[in-house]
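[1] below are the sequence and a predicted model for it; my questions follow.
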Amino acid sequence: MKRILRLFIILPLLIWVACEDEAPSDADNTIHEFELHSNNRVSSLLMTESEYSDWVSNDGFTDSGMRIPLINDVYNKFPDEYDFIFFVLNEPSIPANLSYYGMLIGVSNNVQGIGKSIYDYSSDYGSSGKLKAVMQLTGLEYLKYGPALHELAHQWANYALPTHSVDGVGSNLTSYPYWGHWGFTGGSTKGQLGGFKQSTLIDNGNNSYTVEEFGPFANGGNGIPYNELELYLMGMIPISSVSNFDMFTDITSLAVNTSTFDFTANTRTTYTPQSLEELLGQRDPSIDNSQKDFKLLVVVITDSPLSDDEWNKVDATAEWFSIKGDDGTSLYNFWEATNGVGSITVEN
């Protein structure tokens, strides 16, 4: 049994989500210099010092005018066979001017019944419909230690429920819509996108509740697996396997204790598999034919050739994230986080 890391994030750093194979083009068409590591898992993209400074200082990843041409250049080098492209900054930790550890930006979605619209902007990026999303991780080893699982969950969740979180503690707080995360919502376990463990909820009467501490936004990076609702939205389990859970909105007070929270809320909504499906409709593709195996391209953005130590660090994180088995640590790779149902292949 893995030890689940306990991390409550009441005011987290911002981590948000925006809303046919082809042969690779001739490498001579590339604008940047790419280097492929000998283990065939990770690659690097070399920028000039000024371009890299601009990318980091002005958060080029969030600027479509900078992001899209860069990914088009990636497709000048690599074939259109990846579900996700992850950029990793060659930084020991998050740069001071950036406000997120990781960010996922959606490119296409063809899944119905998860509360998310159908769209496809892949051709803008140089893909013919294969690419689902792009991600940036702001530290060299954040694929393992940062929010990779959390950000991947955003490809499918939370577009489903009108959740709430709070600003402040005590009775002088504001309860507000918290789309994208679970907020004050229960689950089979604490969720990658926040929320509490349903089995710890105590009803004290008069709209008063006690629950084990949790984060409305996240619950410890790669230290926890996906909960049942997240796994259903991802297409990993049937809706019948999602246990009943409660969602609280219009929260009127919050007391933070050593290991528990006491809160009051005017609205409590209980979801069952039946009511969830009535709200969202049937998932299509269903569990029987949903995609469960994904292919990932990891590209380190740097302004100088990677040292052996830097290559070893990022290659080790890519190897760990794609292991199809228990890695023997308290952290969860993708296979473990999906209970062995899903897998990710990382290769260049």
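    Thanks, I have the structure now. Numbers count the residues shown, from 1 in each chain.
[2] helix or strand for the spatially most central residue of the chain, which one?
    Averaging the C-alpha coordinates of the chain gives a centre point, and the residue nearest to it by Cα atoms, centre = their mean is E151 (1.3 Å). Under the criterion DSSP states H and E, the helix or strand holding E151 is helix 148-153.
[3] which secondary structure elements does that helix sit against?
    In this structure, helix 148-153 packs against strand 102-106, strand 133-137, helix 334-337, with contacts taken as 3 or more Cβ pairs under 8 Å, 6 or more residues apart in numbering; DSSP states H and E. (Each C-beta comes from the backbone N, C-alpha and C, glycine too.)
[4] list the buried residues of it.
    Neighbour-count burial for helix 148-153, counted by 16 or more other Cβ atoms under 10 Å, picks out 148-153.
[5] pLDDT added to these, as a markdown table?
    Converted to a markdown table, these look like this (pLDDT from 0 to 100):
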| residue | pLDDT |
| --- | --- |
| A148 | 97 |
| L149 | 98 |
| H150 | 97 |
| E151 | 97 |
| L152 | 98 |
| A153 | 98 |
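[6] any idea what Q136 is bridged to?
    For Q136, the beta-bridge partners under DSSP bridges are F87, M103.
[7] sorry, back to before: what about the residue lying closest to the residue nearest to the centre of the chain once chain neighbours are set aside, neighbour count?
    Counting by Cβ to Cβ, 6 or more residues apart in numbering, E151 lies nearest to L104, which is 4.2 Å off, once chain neighbours are set aside. When counting by other Cβ atoms under 10 Å, one arrives at 24 neighbours for L104.
[8] ditto for N206
    The local packing count at N206 equals 7, with neighbours defined by other Cβ under 10 Å.
[9] mind listing the helices for the stretch 51-200 of the chain?
    The residue ranges that make up the helices of the stretch 51-200 of the chain, judged by DSSP state H, counting those that start in this stretch, are 64-77, 122-125, 142-145, 148-153.
[10] off-centre distance for the last one?
    Which is helix 148-153. With Cα atoms, centre = their mean, to the nearest Å as the basis, the distance from the averaged C-alpha position of helix 148-153 to the chain average is 2 Å.
[11] one step back: just name the most buried of the helices of the stretch 51-200 of the chain.
    Mean neighbours per residue, mean count of other Cβ atoms under 10 Å, is largest over these for helix 148-153, with a mean of 27.
[12] dump it to CSV, restricted to CA.
    Listed in CSV are the C-alpha atoms of helix 148-153, where the atom choice follows Å, rounded to 0.1, in the frame of the first residue of the first chain:
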residue,chain,number,x,y,z
ALA,A,148,1.9,15.9,-14.5
LEU,A,149,-1.0,13.7,-13.4
HIS,A,150,-3.1,16.7,-12.4
GLU,A,151,-2.6,18.4,-15.7
LEU,A,152,-3.3,15.3,-17.7
ALA,A,153,-6.6,14.9,-15.9
